[in-house]
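J.: fold the following for me, if possible:
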Amino acid sequence: MNIFLTGATGFIGKNFLKVALKEGHFIFAPTRKKKNKKIKNLKWLKGGFEKNWKKELKRSDILVHMAAAGVNDTKTAPEEIFKVNVFRSLDLLNNAIESNCLKWLIVGSSSEYGITAKKKKKLSRFAKTQPISIYAKSKNIFSNLSIDLAKKFNCKCRIMRLFPVYGPGEKKHRLWPSLIKAAKSRKNFYVKNPFERRDFSHINHVSNILLNAIDFKRKNNKFPQVWHASENKPLTVKAFTTKVWKQYKAKGKLYFKNDKHNNNLNHISDRNSVWKIQ
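T.: Numbering: from 1, shown residues only. Presented below is the predicted three-dimensional model:
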């Protein structure tokens, strides 16, 4: 399969790229940084994903859109987040439509559920989205616009909402790498919001879910679709950090402190909404 992949240099994208190439797929991947390493079934495209890549899109069986701004990043300006996640992403979809690339796998986020995640119930893929952060709002706006465009132009759109993902390649300031660094350094580690519950999912499992989901012959009875990408093995933040701490035989201590001002969001999917690898 020929895949037009955005966000191939990011945490999720890098891992997806690796497994997709291993499976023999051909990848077109736009990037703003020059890539010198040549791989037989990969073509790097110098430039932003919103540029006129109609030639490559015409040759692609599917568009996999992972690129986003402001993921777990409070430093990115709101204007930039909306520019990338909404306006430039819409340019990409319009280019895909004009190029007759009418199958889209769009990576969303469980953060789109927002306030709904405050409830103790597990999240359904049909649950109401009430995003809180600028990033989550931008992703949700784009998800809705993607669905509208897909209906209007008879495209097959599958939105995959990711639940908390961890693993190699994750940014250093995130929970999992910070925890491992402290464990190896024999330092103490302070854990915020230990009683939040999340579907912590390893990057390898999530990449395999996304790769499996690019086959639109699977679960193809009705489009557009929303699915959850998750291992569906919920843990509290306390249980997750304690588990990792023991794995690395850490000598320091874990200190747990609940933030009174925290929203206590519970990012847990119900089983029927999780994409099951076939």
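J.: how far away is Arg218 from Gln278?
T.: Distance of Arg218 to Gln278, given as CB to CB, to the nearest Å: 6 Å. Quick note: C-beta positions are derived from backbone N, CA and C, even for glycine.
J.: now do the shared contacts for the two.
T.: Both Arg218 and Gln278 are in contact with Asn212, where contact means CB atoms under 8 Å, 6 or more residues apart in numbering.
J.: okay, those two: which has more neighbours?
T.: Arg218 (13 against 8; other CB atoms under 10 Å).
J.: how about the secondary structure of the more buried one?
T.: coil (DSSP: H, G, I helix; E, B strand; the rest coil).
J.: my read: it touches Leu211, true?
T.: No. Judged on CB atoms under 8 Å, Arg218 makes no contact with Leu211 at a distance of 11.5 Å.
J.: so where do the strands sit in the stretch 101-250 of the chain?
T.: For the stretch 101-250 of the chain, the strands defined by DSSP state E, counting those that start in this stretch cover 103-109, 156-162, 165-166, 189-192, 197-198, 201-202, 225-229, 235-236.
J.: between these, which gets nearest to Trp44?
T.: strand 103-109 (19.8 Å; CB to CB).
J.: and the gap between the residue of the chain positioned farthest from its centre and Thr241?
T.: No residue in the chain sits farther from the centre than Lys251, which is 33.2 Å out by CA atoms, centre = their mean. For Lys251, the distance to Thr241 equals 15 Å [CB to CB].
J.: residues in contact with the nearest residue to Lys184 once chain neighbours are set aside?
T.: Excluding its sequence neighbours, the residue lying closest to Lys184 (CB to CB, 6 or more residues apart in numbering) is Tyr248, at 6.5 Å. For Tyr248, the contact set (CB under 8 Å, 6+ apart) comprises Ile180, Ala183, Lys184.
J.: would you list the buried entries among those residues?
T.: If you count burial by 16 or more other CB atoms under 10 Å, the buried members of the contacts of Tyr248 come out as Ile180, Ala183.
J.: so can I have CSV of the contacts of Tyr248 showing distance to Thr9?
T.: Shown next, in CSV, are the contacts of Tyr248 (distance: CB to CB, whole Å):
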residue, distance to Thr9
Ile180, 23
Ala183, 28
Lys184, 26
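J.: from what I can see the residue farthest from the centre of the chain touches Ser185, true?
T.: No. Using CB under 8 Å, Lys251 is not in contact with Ser185; the gap is 9.4 Å.
J.: for the residue farthest from the centre of the chain, give me its contacts.
T.: Counting by CB under 8 Å, 6+ apart, the residues that Lys251 touches are Arg186.
J.: and it, how close does it get to Ile12?
T.: Taking CB to CB as the measure, Lys251 falls 33 Å from Ile12.
J.: give me the number of residues near the closest residue in space to Leu162 that isn't next to it in sequence?
T.: For Leu162, ignoring the flanking residues on the chain, the nearest one in space by CB to CB, 6+ apart is Ala229 at 4.9 Å. Ala229: 28 surrounding residues under other CB under 10 Å.
J.: now do Pro177
T.: Counted with other CB under 10 Å, the neighbours of Pro177 add up to 16.
J.: what does the one 10 residues further on give?
T.: Neighbours of Lys187 under the rule other CB under 10 Å: 12.
J.: sorry, back to before: please tell me the pLDDT value assigned to the residue nearest to Leu162.
T.: We have a pLDDT of 98 for Ala229.
J.: same question, Asn258
T.: 72.
J.: kindly report the same for the one 4 residues further on.
T.: We note a pLDDT of 58 for Asn262 in this prediction.
J.: one more: Trp44?
T.: Taking Trp44 on its own, its pLDDT is 95.
J.: same deal with Ala117?
T.: 88.
J.: hmm, back to that, quick one: the residue nearest to Lys184 from Val237, how far?
T.: Noted for Tyr248: a distance of 17 Å to Val237, by CB to CB.
J.: the closest residue to Lys14 other than its chain neighbours: how many residues sit nearby?
T.: Leaving aside its sequence neighbours, Lys14 sits nearest to Gly169 (CB to CB, 6+ apart; 5.7 Å). Neighbour count for Gly169, taken as other CB under 10 Å: 13.
J.: pretty sure Gly169 contacts Leu17?
T.: No. The pair Gly169 / Leu17 is not scored as a contact, 11.1 Å apart, by CB under 8 Å.
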